[in-house]
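K.L.:
give me the fold of what follows.
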Amino acid sequence: MAEETLDLSLLEPVFEEFQTQKGSLIPVLQRAQDFYGYLPAEVLNRISERMGIPLSQVYGVATFYSQFYLTRRGRHIIRQCDGTACHVRGAAKIIRVVEQELGVKAGETTPDYRVTYEIVYCLGSCGLAPVAMVDGEVIGQLVPEKMIEVVRALK
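P.N.:
Here you go, the predicted structure:
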């Protein structure tokens, strides 16, 4: 895959909006991630420079909070629950077949950036176990075959 070129000028209105607000690093990081889908090193460097915050502090905040991602993610996000109810009802089998179908391990993104596959430990839908969240939509009562259909439908 070719290296992407980032338009860092997208950040300028954000810096202007938050320039007079103390403690605005988190909202700036959130906006930046909204623009780029993750927080590339160039973006973190620009935030550090423009906000006058040491780069180590910017990285510290970005790595402390699980809402921030430092690597590019897929166009589709699959979060497979492996909490107690889901695990007991077969989530491990679903995880194995999805990893095989995608050719990546849980926690990774496909090389074409089509899908990021993650394991979570509760989606709050235990009555529908096993469940997964695909692009924000909860899909319940999964079996491996049904989950493979869902994965294959992602274009």
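
K.L.:
who touches the helix or strand where residue 147 lies?
P.N.:
Take DSSP states H and E as the rule and residue 147 turns out to sit in helix 144-153. Residues from elsewhere that reach helix 144-153, judged by CB atoms under 8 Å, 6 or more residues apart in numbering: 78, 80, 90, 93-94, 96-98, 101-102, 115, 132, 134, 139. Every residue, glycine included, has its C-beta placed from N, CA and C.

K.L.:
using PyMOL, make a named selection holding only the buried ones among those residues.
P.N.:
Buried residues within the contacts of helix 144-153, by 16 or more other CB atoms under 10 Å, are selected in PyMOL with:
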select buried, resi 78+80+94+98+102+115+132+134+139
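
K.L.:
in TSV, list the contacts of helix 144-153 along with secondary structure.
P.N.:
Listed next are the contacts of helix 144-153 as TSV, based on DSSP: H, G, I helix; E, B strand; the rest coil:
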residue	secondary structure
78	strand
80	strand
90	coil
93	helix
94	helix
96	helix
97	helix
98	helix
101	helix
102	helix
115	strand
132	strand
134	strand
139	strand
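
K.L.:
quick one: which two of the contacts of helix 144-153 are the most distant?
P.N.:
Spatially, the most separated pair among the contacts of helix 144-153 is 90 and 115, at 20.8 Å (CB to CB).

K.L.:
quick one: secondary structure of residue 53?
P.N.:
coil.
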